[in-house]
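J.: Sharing a sequence plus its predicted fold:
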Amino acid sequence: MAIFSDKTSVLQKLLFFGFPTASLLLFYSLPLEYLSHFKTLSATQERQHRPGFLVDTIGCEIVEMDPFHPSVIPFLENKSLGICRPSLITIRNEGLAYNENHSSYHRSNCCYSEIHRVSQDPKNYTKIQADRSIRISPTCTPISKSSASTTIPSSDFVQISCEENYPDKIIKTMDFLAIPGSPEGHSKETNSKVAYWKDRLQKSGSERGVWAQKPPNVLILGLDSVSRLNMIRSLPKLKNFLEANDFVEMKGYTKVGDNTFPNMMAAMGGMKLDEYPCVLPATMVDNCPFIWKNYSGNKYVTAFLEDAPHIAIFNNRKTGFVKQPVDYYLRTLAVAHYQAKLRHSCKNGMSETEFMLNYLRNLVRRIVNADAPYFLLSWFTALTHDDSNNLKPAEMIFYKALSDLVMDGSFHDCQLPSDQAILIGTKI
């Protein structure tokens with residue numbers, strides 16, 4: 001498991017909203033009179049850290065392993081990123097526009113269909129399809145080729161259909177795009193949250209004091225099936241960048257279960273292994289005490305981004321969510337793309353990983369520009385779930401996305417976790 005946490009304003013975040021992990025939530029639920037006891041106990045247990053140990057305390061000893069031990073080398077392979085064909089349609093000024101540099105621009109005509117999530121009643125829902133039901137509009141609206149304008153859909157998610165006309169044939173292509181709408185116009189809930197913070201910030205100063213200021217943002221980027229040692233091997237530049245920007249490695253932070261679901265139920269819901277009273281076989285997970293509900297209740301704009309919808313955290317052999325769990329839910333588009341059964345995994349001319357990072361960047365900036373705090377959970381499964389060697393060639397994609405967010409100030413209070421190493425084959 002590899003976890004880095006940005007320590008900027010962490011104390012404010014933890015004291016005001018609570019810890020986002022099960023063990024730390026339990027610690028802060030203890031009466032305050034016990035804190036002095038823990039401080040005394042901690043002081044008596046301190047000892048000099050011995051070489052060769054990652055964690056070296058009275059209660060826990062974890063040996064420091066060599067990421068490049070000779071026994072590991074035979075399992076390391078040089079992989080390359082798949083190549084995605086450039087997209088005919090791109091996003092410009094929050095709308096759809098043609099890529100005028102595309103080789104097929106002059107011979108192509110494209111239209112879009114909106115993609116919507118189909119809502120079901122929590123009291124009467126289809127167990128298998130509740131979090132898998134989508135509706136693609138039957139009307140395909142033409143996209144303007146005017147360079148002076150863009151076509152703006154009313155949905156955040158669209159399916160693009162294009163025809164490339166050749167003298168002897170017509171080639172039809174399909175693509176998928178996501179345009180995160182501004183919180184003011186995304187929904188009634190996000191609009192009310194933005195209005196709340198605008199009102200609160202206007203009342204800052206002598207009347208409300210420091211508590212009227214906007215609290216920290218929370219951004220979690222999860223990489224599935226990535227061990228700490230694999231991160232050191234595969235993401236050296238990113239690791240150095242995180243350390244240079246005051247991220248703190250949470251050494252010794254380990255998993256509680258064999259796959260992502262129990263680990264996320266602990267981290268996001270504070271529940272013990274295999275004890276989930278909010279989840280019964282083949283039932284929804286809506287009633288679980290996920291921490292993003294706390295943030296939403298405190299007027300945070302919330303988002304959950306995940307790829308690989310067929311093996312998603314809360315959907316693999318489970319119902320998932322009957323009601324949309326957060327303000328921005330990328331699963332709707334992921335399901336549409338998966339159900340299209342395309343021969344490639346590209347979206348908008350990008351790999352799944354790059355596409356989701358690009359959407360994440362755009363979404364974060366939209367929320368930050370609206371002067372609202374956000375809680376965003378993202379989980380990248382497709383890249384590393386089946387092969388840990390796929391991580392290294394994607395390093396620059398993550399590096400660019402994270403460095404962009406850090407440079408423009410959108411990245412305060414971030415965690416970069418993984419829940420476990422790869423579970424198939426040799427574990428490295």
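T.: Cool, the structure landed. Numbering: from 1, shown residues only.

J.: Centre of the chain to stretch 101-117, how far?
T.: With C-alpha atoms, centre = their mean, to the nearest Å as the basis, stretch 101-117 stands 27 Å off its chain's centre.

J.: Start and end of that stretch, how far apart?
T.: 33 Å (C-alpha to C-alpha, to the nearest Å).

J.: List the buried residues in it.
T.: 102, 104, 108, 110, 111, 112, 113, 114, 115, 116, 117 (16 or more other C-beta atoms under 10 Å). Any C-beta I mention is one placed from the backbone N, CA and C, and that applies to glycine too.

J.: Tell me the one of those nearest residue 338?
T.: Distance to residue 338, by C-beta to C-beta, is smallest for residue 115 among the buried residues of stretch 101-117, at 12.1 Å.

J.: does that closest one count as helix, strand or coil?
T.: Using DSSP: H, G, I helix; E, B strand; the rest coil, the structure places residue 115 in strand.

J.: ok, the nearest residue to it once chain neighbours are set aside to residue 137 distance?
T.: Nearest residue to residue 115, sequence neighbours excluded (C-beta to C-beta, 6 or more residues apart in numbering): residue 157, at 4.0 Å. Residue 157 is 11 Å from residue 137, where distance means C-beta to C-beta, to the nearest Å.

J.: And for residue 164?
T.: For residue 164 relative to residue 137 (C-beta to C-beta), the value is 23 Å.

J.: now swap in residue 343 and tell me
T.: Per C-beta to C-beta, residue 343 is found 24 Å from residue 137.

J.: Looking at these two, which has the bigger crowd around it?
T.: Remark: of residue 343 and residue 137, residue 137 carries more neighbours, 16 against 5, as counted by other C-beta atoms under 10 Å.

J.: before we move on, the earlier item: name the residues contacting each of residue 157 and residue 137.
T.: Common contacts of residue 157 and residue 137 (C-beta atoms under 8 Å, 6 or more residues apart in numbering): 114, 115, 116.

J.: Low-confidence stretches in the stretch 51-200 of the chain?
T.: Within the stretch 51-200 of the chain, not a single segment meets pLDDT under 70.

J.: mind listing what's buried in stretch 306-318?
T.: Of the residues in stretch 306-318, those buried (16+ other C-beta under 10 Å) are 306, 307, 308, 309, 311, 312, 313, 314, 315, 318.

J.: where exactly do the helices run in this protein?
T.: Applying DSSP state H to the chain gives helices spanning 10-17, 22-28, 35-45, 183-186, 188-202, 228-234, 236-244, 260-269, 291-297, 331-339, 352-369, 395-407.

J.: sorry, back to before: and the two most separated of the buried residues of stretch 306-318?
T.: 307 and 318 (17.2 Å).

J.: Mind listing the residues bridging to the residue nearest the centre of the chain?
T.: The residue lying closest to the centre of the chain (C-alpha atoms, centre = their mean) is residue 378, at 0.8 Å. Going by DSSP bridges, residue 378 is paired in beta bridges with residue 221, residue 305.

J.: contacting residues around it?
T.: Shown in contact with residue 378 (C-beta under 8 Å, 6+ apart): 219, 220, 221, 222, 303, 304, 305, 306, 356, 360.

J.: give the contact list for the fifth one.
T.: If a contact means C-beta under 8 Å, 6+ apart, then residue 303 has 326, 327, 328, 329, 330, 363, 374, 375, 376, 377, 378 as its contacts.

J.: do that again at 6 Å, thanks
T.: 326, 328, 376 (C-beta atoms under 6 Å, 6 or more residues apart in numbering).

J.: How about the second one: what's its closest non-neighbour residue?
T.: Spatial nearest neighbour of residue 328, excluding adjacent residues (C-beta to C-beta, 6+ apart): residue 303 at 3.8 Å.

J.: Also the first one?
T.: Take residue 326 and drop its neighbours on the chain: the residue closest to it by C-beta to C-beta, 6+ apart is residue 302, 4.0 Å away.

J.: Next, count neighbours for that neighbour.
T.: 25.

J.: Report the beta-bridge partners for the closest residue in space to residue 112 that isn't next to it in sequence.
T.: Spatial nearest neighbour of residue 112, excluding adjacent residues (C-beta to C-beta, 6+ apart): residue 158 at 4.4 Å. When assigned by DSSP bridges, residue 158 has beta-bridge partners residue 114, residue 177.

J.: Look up how far residue 114 lies from residue 158.
T.: 6 Å.

J.: Identify the residues contacting residue 224.
T.: Contact analysis of residue 224 by C-beta under 6 Å, 6+ apart lists 381, 384, 385.

J.: follow-up on the earlier one: quick check, nearest of the contacts of residue 303 to residue 227?
T.: Distances from residue 227 to these, taken by C-beta to C-beta, are shortest for residue 376, at 24.0 Å.

J.: how about the closest one, what does it touch?
T.: Residue 376 makes contacts with 219, 303, as judged by C-beta under 6 Å, 6+ apart.

J.: again, only using 8 Å
T.: Counting by C-beta under 8 Å, 6+ apart, residue 376 makes contact with 217, 218, 219, 220, 302, 303, 304, 305, 360, 363, 364.

J.: what does the model give it for pLDDT?
T.: Note on residue 376: pLDDT of 96.

J.: Please apply the same query to residue 422.
T.: In this prediction residue 422 is given a pLDDT of 48.

J.: related to what we said a few turns ago, pick out the most distant pair among the contacts of residue 378.
T.: 219 and 306, at 14.5 Å, using C-beta to C-beta across the contacts of residue 378.
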